[in-house]
Every structure is written in C-alpha cells, then in structure tokens.
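Trainee: Take this sequence and fold it.
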Amino acid sequence: MTPKRDRIITAAITLFAEKGFRNTSTAEIASQAGVAQGTLFYHFKNKEGILTEVLRELLDATRQGYDRIDSRRLSGYACVERLLRSEQTLVEREQLRVRVLIRDMTDEVLVPGTCGHGLIRDFLGYKISLLIRFLQQGMADGSVRPLDAEKTAWFIDAAFYGILRIRLLKDLPIPPLAEHAIDLCLSALRPPCAPPPAS
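Mentor: Numbers count the residues shown, from 1 in each chain. Now for the predicted structure:
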C-alpha cells in the first residue's frame, strides 16, 4: 500500500468513527489525509470503496493468522483454540476499523452482487471449511467429542460475531466476553471426563 493510500484510509476511518459514514465527505477525508481530492479518487472510486478496501485488508489479515496454525503438529482442539485466539487478537488490535465496518457496512454485505457481500461470502466459506476440518481432525485424534462438525462450526462463528457486535456497538456496561466465549466453546468440544487438552 502506498503512503498516500494508507493516509486516506486512516483519515476516513477516523472521520467515519467520529461523524458517521454518511456525514463524512470525500473532501473532509482528503483534507484530513493531507492529499488532494483528486488523489483520493485516483485510489478509490468513492467512500464505499474505502470501506471495501478496509474490509478486504482485515479479512486478509485474519486469513493470514489462520494460515499460521500448524495443524500437522497440533490436535484438532488446539487448532480451533488457535483460530479463535488469532481472531480475537486481530479484533482487539483493530477495534476502530472493525467497529466502523460493522456499523457502516452491514447493509452492503447483505446485498448479493456487491463487492462487500462477495468478500464476506468467500471469507466465511474459508473460515467454516477450516473450522470443520479442525473439528473433524479433533474427533479423529480424540481431542474433540463426537458432534456435527458443520453445525458446530457455524455456531462458533455466529457466537463470536454476536459478541463482537454487542461489545463494539452497544453502549452498555458489558464485561469482556471474548475470553469467556472461547472457554465455553472449548469446554463444549472436549470429550466427557477428559482433561483439557494441551494447546
């Protein structure tokens, strides 16, 4: 990414967080980024294009975290744990970007045919397939109890997305839930009477 492109994205996210996506103009973004408005349009077609690029970057970074999980050396249970913790770490590091995306891009990602929808669909397909593979590996190596791997993968994803939305968007005194959710999910995966597997 070029320095100017990076500055545009940083300025846009800051302004979207402060003023809201609809109340922020491209002129304001360009001014805050210290670039001409024409430079902004050289890099991005419109404000939606900036959000789409942020989404793409975050999903790519999340995949990179998943790809570092060495499933050949770990139990299936440990792989699921690493995946959840990798995602949690990224969300903690990129809270502002994640909050803006969830708040301002929800409508687009629900509309088939849009770029945002395609990015989310492809990412979810990748993540769910990976979770299913790790769960099946865990059942084969004895670290995960017998269960429906596909339904469990979708449940894990839905649970974490729900917690993310509540934590980042609700103005309520909600305690940190990510670690608790990870512990609950992992506990539910363990075979009955089995000690916690080593990660």
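
Trainee: Break down the chain into its helices, ranges please.
Mentor: In the chain, the helices defined using DSSP state H lie at 3-19, 26-33, 37-43, 47-67, 76-93, 95-104, 106-109, 115-141, 149-169, 178-189.

Trainee: Make JSON lines out of those helices and add mean neighbour count and mean pLDDT.
Mentor: To be clear about C-beta, it is placed using only N, CA and C from the backbone, and glycine gets the same treatment. Shown next, in JSON lines, are the helices of the chain (neighbours: other Cβ atoms under 10 Å; pLDDT from 0 to 100):
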{"stretch": "helix 3-19", "mean neighbour count": "18", "mean pLDDT": "92"}
{"stretch": "helix 26-33", "mean neighbour count": "18", "mean pLDDT": "94"}
{"stretch": "helix 37-43", "mean neighbour count": "16", "mean pLDDT": "92"}
{"stretch": "helix 47-67", "mean neighbour count": "17", "mean pLDDT": "93"}
{"stretch": "helix 76-93", "mean neighbour count": "20", "mean pLDDT": "93"}
{"stretch": "helix 95-104", "mean neighbour count": "18", "mean pLDDT": "87"}
{"stretch": "helix 106-109", "mean neighbour count": "14", "mean pLDDT": "69"}
{"stretch": "helix 115-141", "mean neighbour count": "17", "mean pLDDT": "95"}
{"stretch": "helix 149-169", "mean neighbour count": "16", "mean pLDDT": "85"}
{"stretch": "helix 178-189", "mean neighbour count": "15", "mean pLDDT": "85"}
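
Trainee: Assess the claim that I163 and I182 are in contact.
Mentor: No: between I163 and I182 there is no contact under Cβ atoms under 8 Å: 9.9 Å.

Trainee: L186 contacts C79, correct?
Mentor: No: using Cβ under 8 Å, L186 makes no contact with C79, being 11.4 Å away.

Trainee: any idea how far D104 lies from A11?
Mentor: Remark: distance between D104 and A11 (Cβ to Cβ, to the nearest Å) = 15 Å.

Trainee: Great, nothing more from me.
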